[in-house]
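Peer 1: sequence and predicted structure below; questions after.
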Amino acid sequence: MTLATMTLYITIAAAIFTAVVTYYKHRQNTIWVTFVQSFVGILFIFSGYVKVVDPLGTSYKMEEYFQEFYTTFSESGLSFLAGIFPVLEHYALAFSIFIILFELILGIMLLTGDKRRYAAWALLFISLIFTGLTGFTYLTGYVPEGVNFFDFAHWGPHDPNNMKVTDCGCFGDFIKIDAFTTFLKSAFLLIPSIIIILKWRSMHRLFSPGIRRVITWVSIAGFFVYALSNFVWDLPDIDFRPFSKGTHLREKRQAELDAMSNVKILSWKLQNKQSGEIVQLPNDVYMKEFAKYPKAEWKVIGQEQTEPEVAKTKASDFEVTDKDGNDKSDEILDYEGYSIWVIAYRLKGGYEEREEHYLDTLFRMDTIRMSEDSIVVKKVVDKLVDKAHMVGTYLWDPDYIKAYTDRVNPLVEPAIKDGVRVFAVVGGAGPDQLESFAEAIGGIYPLYQADDILLKTIVRSNPGVVLMKDGKILDKWHIKQLPSYQKLKEEYIR
């Protein structure tokens, strides 16, 4: 679905809702206010719903923003504000749930007319926040590498590659919108926000005040529990990501890689390092006149390319290596047969160094006269010296280890005996960590490495389990919803 199609559907729904309200409330003189109120309410409910099915996804996006804000502010004259962002990052999940519920409940309050003045100001507030975030996302495209966002004098031409947060996540993984369009959408939303501020007394109200309050509070409780259900004890109810059940990952990845390799360069954008002059040349012209633009004087600041026939997703970023750095991606995806992946984007635990003491024996060479004509040189103990060295130990979270020993291992052990290939893929771990962790969980299957963002995208559980066959995703499970191997065998393995 595109943004235009989604907007059309919301407009139709708002028109129908407006017609019903107008018919029953006899509000012909304020029909346009009712339409604006209905349109924004339905938009916020839809926007909140596609995120409430996957709160973790929104929290990951929040973490990206907070990390970028920390870097931006810490390197500017506003560095005194930087310290708040690591704190916000720590509570990114709670913050994301709050924002999602805020959107949903605000949408419901707009539709029912509950607390009209509060809803009007809340709408303006969140619209300003969204406009600021999306504006920041787009404007970072003007900030070259090594330049701070607030150093406006050194901004350059807009380059999407400069943007640190490339997608605002406004509609979760349901729709991906480019940064400029997202910014325009957020800025446009300020118009109905101001209208509702000015006309809040003309907003329609449905039901009695008591019923409106009940609807609001029941919605808060219901959506809160629903949000928790989509990551605390189960996977998202709807999976909009490129690793959903039924996806033929091997084919999808290859199609995306082929499409990217077939992309053609249409033009080059160059900038003179001394004068700052910018020129844009068609590809064939640039290839012929390449010598006129030596690298010592000109730098490439952008390209115009054809759109790939297949849109790029995280599937094309699928890359898994063993602890020695050997690429295992094709081997994993080309495997013919059933395989179980145990996915962990981050191993939970700590690292402790302690000082260990030991006695070191020092020797000296001594000469012993055996006779007048014989002298023997012997190594004899001189003294014992107390020495110390640092020894590191990984301290794994006991509950996290139990998730493997009590849940994962009972599932995969009989699978391994049946010839099912089993391995774990871990994010952000070095060879020593992998070795220590493998020993802690029993070491019954190999551990590989991958990018943590990729693993977060594959399954919203840490750890989570994925069942594959011939490069196709058959199913995925949250760690708290793992089936027994017998059940898995009955339903999937033939």
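Peer 2: Ah, there it is.

Peer 1: quick check: Phe363 vs Ala119, distance?
Peer 2: Applying CB to CB, to the nearest Å, the value for Phe363 to Ala119 is 85 Å. In this view, the C-beta of every residue, glycine as well, is placed from N, C-alpha and C.

Peer 1: of those two, give the one with the bigger neighbour count.
Peer 2: Counting neighbours by other CB atoms under 10 Å for Phe363 and for Ala119 shows that Ala119 has the greater number, 26 against 11.

Peer 1: just for the stretch 301-450 of the chain, where's the confidence low?
Peer 2: The model of the stretch 301-450 of the chain has pLDDT under 70 over residues 354, 356-358, 368-373, 380, 389-392.

Peer 1: at 90 what do you get?
Peer 2: 301-313, 323-325, 349-395, 428-433, 442-444 (pLDDT under 90).

Peer 1: what ranges does it have for its helices?
Peer 2: Counting by DSSP state H, counting those that start in this stretch, the stretch 301-450 of the chain has helices at residues 329-333, 398-402, 409-417, 431-441.

Peer 1: which strands and helices sit next to the first one?
Peer 2: Contacting helix 329-333 under the criterion 3 or more CB pairs under 8 Å, 6 or more residues apart in numbering; DSSP states H and E are the following elements: helix 249-261.

Peer 1: wait, a helix at Val465?
Peer 2: No: with DSSP: H, G, I helix; E, B strand; the rest coil as the criterion, Val465 is located in strand rather than a helix.

Peer 1: isn't it right up against Ala344?
Peer 2: No: here Val465 does not reach Ala344: they are 10.3 Å apart, not a contact under CB atoms under 8 Å.

Peer 1: which parts of this protein belong to which domain?
Peer 2: 3-229, 264-305, 315-348+397-491, 354-390 (automatic domain parsing).

Peer 1: now render these as JSON lines, adding distance to Thr247.
Peer 2: Shown next, in JSON lines, are these (distance: least, CB to CB, whole Å):
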{"stretch": "domain 3-229", "distance to Thr247": "13"}
{"stretch": "domain 264-305", "distance to Thr247": "26"}
{"stretch": "domain 315-348+397-491", "distance to Thr247": "5"}
{"stretch": "domain 354-390", "distance to Thr247": "47"}
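
Peer 1: and these: which comes nearest His248?
Peer 2: Nearest to His248 among those is domain 315-348+397-491; the distance by CB to CB comes to 4.6 Å.

Peer 1: got the contact list for the residue nearest to Gln481 when sequence neighbours are not counted?
Peer 2: In space, and not counting its chain neighbours, Gln481 is closest to Asp234: 5.5 Å by CB to CB, 6 or more residues apart in numbering. Neighbouring residues of Asp234 by CB atoms under 8 Å, 6 or more residues apart in numbering: His478, Lys480, Gln481.

Peer 1: to Gly246, which of the domains of the chain lies closest?
Peer 2: Set against Gly246 and scored by CB to CB, the domains of the chain come closest in domain 315-348+397-491, at 6.7 Å.

Peer 1: okay, how far is it across that closest one, tip to tip?
Peer 2: 26 Å (CA to CA, to the nearest Å).

Peer 1: Asp397 reaches Gly349, doesn't it?
Peer 2: Yes: the pair Asp397 / Gly349 is scored as a contact, 5.1 Å apart, by CB under 8 Å.

Peer 1: more neighbours: which of the two?
Peer 2: When neighbours are counted by other CB under 10 Å, Gly349 comes out ahead of the other of Asp397 and Gly349, with 17 against 12.

Peer 1: so what pairs up with the more buried one in the strands?
Peer 2: In this entry, Gly349 is beta-bridged to Trp396, by DSSP bridges.

Peer 1: now the contacts of Asp234: which count as buried?
Peer 2: Buried members of those, scored by 16 or more other CB atoms under 10 Å, are His478.

Peer 1: in strands, which of the contacts of Asp234 fall?
Peer 2: Members of these lying in strands (criterion: DSSP state E): His478.

Peer 1: got the contacts of Asp234 as TSV, with pLDDT columns?
Peer 2: Shown next, in TSV, are these (pLDDT from 0 to 100):
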residue	pLDDT
His478	96
Lys480	94
Gln481	93
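
Peer 1: between the contacts of Asp234, which is nearest Ser74?
Peer 2: Closest approach to Ser74 among these (CB to CB): His478, at 36.6 Å.

Peer 1: surely the closest one and Pro236 touch.
Peer 2: No: His478 lies out of contact with Pro236 (CB under 8 Å); the separation is 9.5 Å.

Peer 1: overlap in contacts, the two.
Peer 2: With CB under 8 Å, 6+ apart, His478 and Pro236 have common neighbours Arg460.

Peer 1: who's in contact with Asp128?
Peer 2: Wrong residue type there; residue 128 is Leu, not Asp. By CB under 8 Å, 6+ apart, the contact list for Leu128 reads Leu190.

Peer 1: next secondary structure element downstream of the one helix or strand it maps to?
Peer 2: Here Leu128, judged by DSSP states H and E, is contained in helix 116-139. Next helix or strand after helix 116-139 toward the C-terminus (DSSP H and E): helix 179-198.

Peer 1: on the three-state scheme, the residue sitting nearest the centre point of the chain is what?
Peer 2: What sits nearest the mean C-alpha location of the chain, by CA atoms, centre = their mean, is Tyr60, with 4.3 Å. With three-state DSSP as the basis, Tyr60 sits in helix.
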